[in-house]
Structure formats: structure tokens, C-alpha cells
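Asks: predicted model and sequence follow; I will ask about them next.
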Amino acid sequence: MCVGHGATAESSTQGGITRVTDGLLGGHVHPSICVAPSSGDVIVVFNRGPGDANELLLCRSTDQGVSWTEPVVLPSSVDRCPGGVYPGALTVLKSGEIVLHWYRYGPTAAQRWQYGPEYCVSSDDGHTFGPPQLIDTPDRPDGHTQPEGRFPFLELDDETWVLPLYDRTVAYNRRTGGLATWGDGRNHGMVPLVRTPSGTLVSGAPQLDAPAPVGKPDPSGEMVYGLRSSNSGMTWQPLHQLGHF
């Protein structure tokens, strides 16, 4: 796994590539990266593989990505995933906390989707994380229940996050643990969902209302290749700018 970086006072390369770690075995590695708000450390969390391994690993750089620590196992993810862990992402909150989330598969094919996403929180720039918290996601009425995620949460306020999961896009209340409809209720799919400095929301949704599963376009659906909203997700306009997942 490698990252690119520009020249720094400590760097011996100019706009080069730095290898973070060796020994990855393929599969759902899905590295997620963030900058720790207090120290400025760069943190990467990933799965070694192959396929869906049972733990997540963390590497840290204290020199803007020029050098990296050896991978360390995140205890919050160990022994939580009898069928493997699907890496999610790191989200830096306005409070300075760092949230790491993932999805744990059930031990058998019949139990693959019996769990919901889980997350843990760090208050010390990712040096330690608290105990895992389960986000309870009930089965969808249409049976397409795959509530895993890959991208950071969208923080609405101190208690509420928007979860762009594979089969649903919902608002999660951190205090109560409850889920609620968000915006106009559409499913964006497992795509990035961000807010610009002006407050406009941009979604990577490939279709006007993403089907589940979203691996292939729904022939009956309208392709939009991204959406934008200027009213907190209540209405959306097609972008026709982004690729399709």
C-alpha cells in the first residue's frame, strides 16, 4: 500500500511515492486515511486480507507521510467478526474525535447480513479507541439487506450522522442509537457523501434513486452520475460529472 506526497523539510523525495506497509494479501483492503486534528499525524486504517480478514490494522505517520509505523492491530475490531470484517472508514468529527466504522459478516452465508455496522471512537488522535458500538439496522422490506459502508459518515450535528450504506442512506442518532429517514428518503448507495464549505451537499449516487444492490445500473432507473443539494438533502439535482459504482 502506497501514498503520494510532496516535498517536506524531512522528505528525501520530490512528489514521490512512499510505501506504507508490505504484506497485504489482496481482497477488501480498502485503506481509509485521515489527519488527526490535534497532532497532525496522518492515520491509515486497512484490512490485510485475503478477502475479509478478522481485524483492522493501523499505520501512523508523524512526518506528513514520509515514514510510517509498523501496522498495529486495532483491539476494537478483534474477535468481532466471525465471518470477516469489511473495512469502512475514518471520520473526523468537529469535536476532534475520530470515528472508525466497519461491517462484520455473519459466520455463514445464511447469517451474512445478520449484523449491522459497528464503530468505535478515539479521543486521543487515534492512539486508542473505545469499545465497539453496534448500529442496529433492521431488514429491508424488499429483502435486499446489505448494510455495510465504505466511506466516512456525514456529520450533521453533535449527535447525528448520515450513513451512506450499501442498501440505505439514513440518519443515525449517536445518543439514542436510533435510525431515521434522512433528507427526501432516497437511497444514495455506498458512495461518498460530502458537504462543501458553503453547505452544499454532493453525493456520488450513480442513479436518481440507487437500487440495492448497486453494483450494476438498474435499467429502469435514471442515471445522474452524482447529485447535489442546497437544502440539506430535501431535493437533489443531477450532476452528470462522476463515475458509476
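Replies: The structure has been received and is ready for your questions.
Asks: buried ones in stretch 33-41?
Replies: 33-34, 36, 41 (16 or more other Cβ atoms under 10 Å). C-beta coordinates here come from the backbone N, C-alpha and C atoms, glycine included.
Asks: so what touches stretch 194-211?
Replies: 144, 154, 164, 186-189, 191-193, 214, 217-218, 221-230, 232-233, 236, 238-239, 242-245 (Cβ atoms under 8 Å, 6 or more residues apart in numbering).
Asks: returning to what we had before: so which of the buried residues of stretch 33-41 sit within strands?
Replies: Using DSSP state E, 33-34 are the members of those that sit in strands.
Asks: filter the contacts of stretch 194-211 down to the buried ones.
Replies: Of the contacts of stretch 194-211, these count as buried by 16+ other Cβ under 10 Å: 144, 154, 164, 186-189, 191-193, 214, 218, 224, 226-229, 233, 236, 242, 244.
Asks: from those residues, which land in strands?
Replies: 154, 164, 193, 227-229.
Asks: turn these into JSON lines, columns for distance to residue 56.
Replies: Converted to JSON lines, those look like this (distance: Cβ to Cβ, whole Å):
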{"residue": "154", "distance to residue 56": "21"}
{"residue": "164", "distance to residue 56": "19"}
{"residue": "193", "distance to residue 56": "22"}
{"residue": "227", "distance to residue 56": "30"}
{"residue": "228", "distance to residue 56": "32"}
{"residue": "229", "distance to residue 56": "32"}
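Asks: closest one to residue 29 out of those, please.
Replies: residue 164 (19.9 Å; Cβ to Cβ).
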